[in-house]
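Colleague: okay, sequence plus prediction incoming.
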Amino acid sequence: MRSIGIEVEFPKEKCESKDCPFHGNLKIRGKLLKGRVVSLDPENTAIIERRYLKFVKKYERYERRKKKISVHKPKCIKLKEGDEVIVAECRPISKTKRHVVIKKV
């Protein structure tokens, strides 16, 4: 296993995927995001939902917003719907995937 540059626990299982930051050669860069797993339907993909507050200047208050993001799920990390995860930005893996799951909270 190689270090990914972030202090996270290494998964106990081993995978042979080249798109795994722990066992493959996928490099992590950019921001870390936190979200909740909404769907696991596509293979090797998880759909996470981020909830955040946006300040509206006109009304001088915050509004709640949410965004769904497609992320790559390595086979060595086991997830189920409703799990809180931390994802990291990486190179584009497919048309819509630009993040990878690195930790289950």
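Modeller: Good, I have the coordinates.
Colleague: and the most centrally placed residue in the chain, what pLDDT?
Modeller: Central residue of the chain (CA atoms, centre = their mean): residue 87, 2.7 Å from the mean position. The model reports residue 87 with a pLDDT of 95.
Colleague: does it touch residue 102 like I think?
Modeller: Yes - assessed by CB atoms under 8 Å, residue 87 is found in contact with residue 102 at 6.7 Å. Every residue, glycine included, has its C-beta placed from N, CA and C.
Colleague: on that earlier part again, for the helix or strand hosting the residue nearest to the centre of the chain, which helices and strands make contact with it?
Modeller: Assigned by DSSP states H and E, residue 87 falls within strand 84-90. Packing partners of strand 84-90 (3 or more CB pairs under 8 Å, 6 or more residues apart in numbering; DSSP states H and E): strand 28-39, strand 45-56, strand 61-72, strand 99-104.
Colleague: re earlier: now the residue nearest to the centre of the chain: closest residue in space, sequence neighbours ignored.
Modeller: Among residues not flanking residue 87 along the chain, residue 99 sits closest, at 4.4 Å (CB to CB, 6 or more residues apart in numbering).
Colleague: now for the one you found: which residues touch it?
Modeller: 33, 69, 70, 71, 72, 87, 88, 89, 90 (CB atoms under 8 Å, 6 or more residues apart in numbering).
Colleague: thought residue 34 was touching residue 104?
Modeller: No - in this structure, residue 34 is not within contact of residue 104 by CB under 8 Å, at 11.3 Å.
Colleague: which neighbours do these two share?
Modeller: Common neighbours of residue 34 and residue 104 (CB under 8 Å, 6+ apart) are 84, 85.
Colleague: show me where the chain dips below the pLDDT cut-off.
Modeller: The chain contains residues with pLDDT under 70 at 1.
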